[in-house]
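1. just a sequence and a predicted model for now, questions to come.
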Amino acid sequence: MSSIKKIGVFTSGGDAPGMNACIRAVVRTGIFHGMEVVGIHQGYQGMIEKKFINMDARSVRNIIQLGGTVLKTARCAEFRTPEGRAKAYNNLKEEGIDALVAIGGDGTFTGAELLSREFDIPVIGVPGTIDNDLYGSDFTLGYDTATNTVLEAIDKIRDTAASHDRLFFVEVMGRDSGCIALHSGVAGGAEAILLPEKETAIDDLIMKLEEGALSNKSSSIVIIAEGDKNGGAYNVAKRVKEKFNFYDIKVTILGHLQRGGTPSSFDRVLACRLGYAAVKALVAGENRKMVGLRGNEIQLTNIEEAINNHSYKLEDDLVEMAAILSI
Ligand code: ATP
């Protein structure tokens, strides 16, 4: 029998579709195991400000399909200080919370790891970020939905681009990781994909676009991850415009719409599996682990390892394939 009687669950860092489905899974699995479950509003900020609410099985009804997070999320500077974490821990203790499930990205895990080590409170992390950049899980919550949202936008842009013989530069999220850009670009048939992990010379890009125009392409779409070294879609468009005059050039920045929306079936199932596994890991006495999906199996990885190896490993074969399939 686990000695854990009351667990806290929270979402932190950037919101991601699927977080609500995960909260539901954590609450119901916890209750199934005879625990009380407390929702902590606004992540670490809520821990410091005692924003605790008791959750029961019905309090998470009708949220599996919702984007965002019903527990809200926040970025909390105070928690980065030892004093802030002590305040948070004292509030958890006063509330009788024995263990935590942290849903977020590498920053969230860094905070959770510190809290757990400093105050000996068990923590299990669930990878929740659209960036898909956490070691120990092939996919993070929200990535699949975000990529499909981008794809829907690319398809719509393609309609107008082809009707007017236009060249579109579409900027997508990914400051350090080109995962969303690469996968949505491949799926959307983009003529070129600019990634933070690779340098793209503007002259090479222009040459590729000119080849396309001369071979009768009626439109071109270039996907640019926001972290691309050329400085984002507006900069790239400006530099291309100076030398390229085949098509009318337009820029679309997709921005925060990529974070929202109802989670895909993949993200919902993943959220259920990871939330369920997180509570089971606590019951089994695990601590400072991240639950993740590897192959089709749920596996545990040391949080420290997940943080230290945090970054998306670009699939070079996909990059090469994307260039060939867009000739
Ligand atoms: P995303 O990948 O979507 O940005 P994230 O979890 O990495 O999610 P961050 O803003 O980096 O988002 O981290 C969330 C919160 O975790 C921070 O606001 C802060 O409260 C806490 N945190 C991050 N880094 C640390 C740290 N080094 N020490 C203590 N707490 C931290």
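-> Everything's here; your move.

2. so residue 189, which of the three states?
-> Using DSSP: H, G, I helix; E, B strand; the rest coil, the structure places residue 189 in coil.

3. quick check: it vs residue 317, distance?
-> In this view, residue 189 and residue 317 are 18 Å apart by Cβ to Cβ, to the nearest Å. Where you see a C-beta, it was placed from the backbone N, CA and C, and this is true even at glycine.

4. and the two? Which one has more around it.
-> Taking other Cβ atoms under 10 Å, residue 189 and residue 317 do not tie; residue 189 has more neighbours (13 against 8).

5. just to check, the more buried one is in contact with residue 327?
-> No: the criterion here is Cβ atoms under 8 Å, and residue 189 misses it with residue 327 at 11.3 Å.

6. any weak-confidence spans in this protein?
-> By pLDDT under 70, the weakly predicted segments of the chain are 1.

7. who's sitting farthest from the centroid in it?
-> Distance from the centre of the chain peaks at residue 214, with 38.6 Å (Cα atoms, centre = their mean).

8. from residue 327, how far out is that residue?
-> Plainly put, residue 214 is 12 Å away from residue 327 if you go by Cβ to Cβ.

9. what secondary structure does the spatially closest residue to residue 196 that is not a sequence neighbour sit in?
-> Counting by Cβ to Cβ, 6 or more residues apart in numbering, the nearest residue to residue 196 once its immediate chain neighbours are dropped is residue 227, at 3.5 Å. Here residue 227 is coil, with the state taken from three-state DSSP.

10. what's across from the spatially closest residue to residue 191 that is not a sequence neighbour in the sheet?
-> Leaving aside its sequence neighbours, residue 191 sits nearest to residue 220 (Cβ to Cβ, 6+ apart; 4.2 Å). Beta bridges link residue 220 to residue 167, judged by DSSP bridges.

11. next SSE after the helix or strand where residue 235 lies?
-> Taking DSSP states H and E as the definition, residue 235 sits inside helix 232-241. Once the chain leaves helix 232-241, the next helix or strand it forms, by DSSP H and E, is strand 248-253.

12. ok, residues contacting that following strand?
-> Contact partners of strand 248-253, identified using Cβ atoms under 8 Å, 6 or more residues apart in numbering, comprise 153, 157, 161, 164-171, 233-234, 237, 240-241.

13. and the angle for it with helix 232-241?
-> Calculated by axes from the mean of the first three to the mean of the last three Cα atoms, to 10 degrees, strand 248-253 forms an angle of 170 degrees with helix 232-241.

14. hmm, the lengthiest helix in the chain touching the ligand?
-> Counting residues, the longest helix found in the chain (DSSP state H) is helix 143-164. No: remark: helix 143-164 sits outside contact range of the ligand, by Cβ under 6 Å from any ligand atom, the gap being at least 10.8 Å.

15. still on that earlier bit, surely the residue nearest to residue 196 and residue 173 touch.
-> No: counting by Cβ under 8 Å, residue 227 stays clear of residue 173, with 9.1 Å between them.

16. of those two, which one has the most company?
-> Set residue 227 next to residue 173 and count neighbours by other Cβ under 10 Å: residue 173 wins out with 22 against 17.

17. that one reaches residue 133, doesn't it?
-> No: using Cβ under 8 Å, residue 173 is not in contact with residue 133; the gap is 11.4 Å.

18. returning to that earlier point: counting neighbours, which bits of the helix holding residue 235 end up buried?
-> Of the residues in helix 232-241, 232-233, 236-237, 239-240 count as buried by neighbour count, 16 or more other Cβ atoms under 10 Å.

19. and the stretch 1-150 of the chain, which residues reach the ligand?
-> Going by Cβ under 6 Å from any ligand atom, the residues of the stretch 1-150 of the chain near the ligand are 12-14, 44, 75-76, 79-80, 104-108, 110-111, 114, 129, 131.

20. and those, which are buried?
-> 12-14, 44, 76, 79, 104-108, 110-111, 129, 131.

21. among those, which are in strands?
-> Mapping these onto strands (DSSP state E) picks out residue 104.

22. which pair in the buried ones among the residues of the stretch 1-150 of the chain next to the ligand spans the largest distance?
-> Maximum pairwise distance in those, criterion Cβ to Cβ, is 20.8 Å, between 79 and 131.
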